[in-house]
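>>> Need coordinates for the following:
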Amino acid sequence: MFLQDISQLSLYLFYLQSVAILIIWIFILQQISKLIRSVRELQTFRNSNSTTLRRIGRYCFLIFILTAFRWAETETGSFIGIYINYLPVLFMLGAFILAEIFEEGNKLYEAEQLTI
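Take a look at the predicted model:
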């Protein structure tokens, strides 16, 4: 199967899938820069950081879903592939675990602020 044998619809779907993944990666990088900025300002255990990490986890799940399916149609037939990409799943789990850690850190920080 060569690139010229693939139907235009299959190519458009592949390009759309690739652009969606690229846009999600841009969103992830924005969230990471937001997280780094808050750590630099010594506001590490704030509620917004756990929300940011959960958002990164959701974005990684979207990348996992988008990379899980491939479809190509040619003149001779069609091809449907299901792939399991472990890297986005690992990033997603790591982000959700870190979000819970930051959530507990936020609770401890708020409890410390209440004690005089």
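
>>> what's the spacing between the lengthiest helix in the chain and its chain's center?
Of all the segments of type helix in the chain, defined by DSSP state H, the longest one is helix 8-40. Centroid separation between helix 8-40 and its chain, computed with CA atoms, centre = their mean, to the nearest Å, is 8 Å.

>>> what about the chain, any weak spots by pLDDT?
Residue ranges of the chain with pLDDT under 70: 1-3, 116.

>>> circling back: and whichever helix or strand comes after the longest helix of the chain, what's buried?
Later in the chain than helix 8-40, the nearest helix or strand by DSSP states H and E is helix 47-68. By neighbour count on 16 or more other CB atoms under 10 Å, the buried set for helix 47-68 is 49-50, 52-64, 66-67. In this view, the C-beta of every residue, glycine as well, is placed from N, C-alpha and C.

>>> ok, now stretch 99-107?
Buried-residue list, stretch 99-107, by 16+ other CB under 10 Å: 99, 102, 103, 106.

>>> repeat for stretch 30-49
Neighbour-count burial for stretch 30-49, counted by 16+ other CB under 10 Å, picks out 31, 35, 38, 45, 46, 49.

>>> before we move on, the earlier item: for the longest helix of the chain, name the packing helices and strands.
If you count contacts as 3 or more CB pairs under 8 Å, 6 or more residues apart in numbering; DSSP states H and E, helix 8-40 packs onto helix 47-68, strand 69-73.

>>> Which among these is found nearest to residue 12?
Closest approach to residue 12 among the helices and strands packed on helix 8-40 (CB to CB): strand 69-73, 11.1 Å.

>>> and residue 94, how many neighbours?
By other CB atoms under 10 Å, 14 other residues sit near residue 94.
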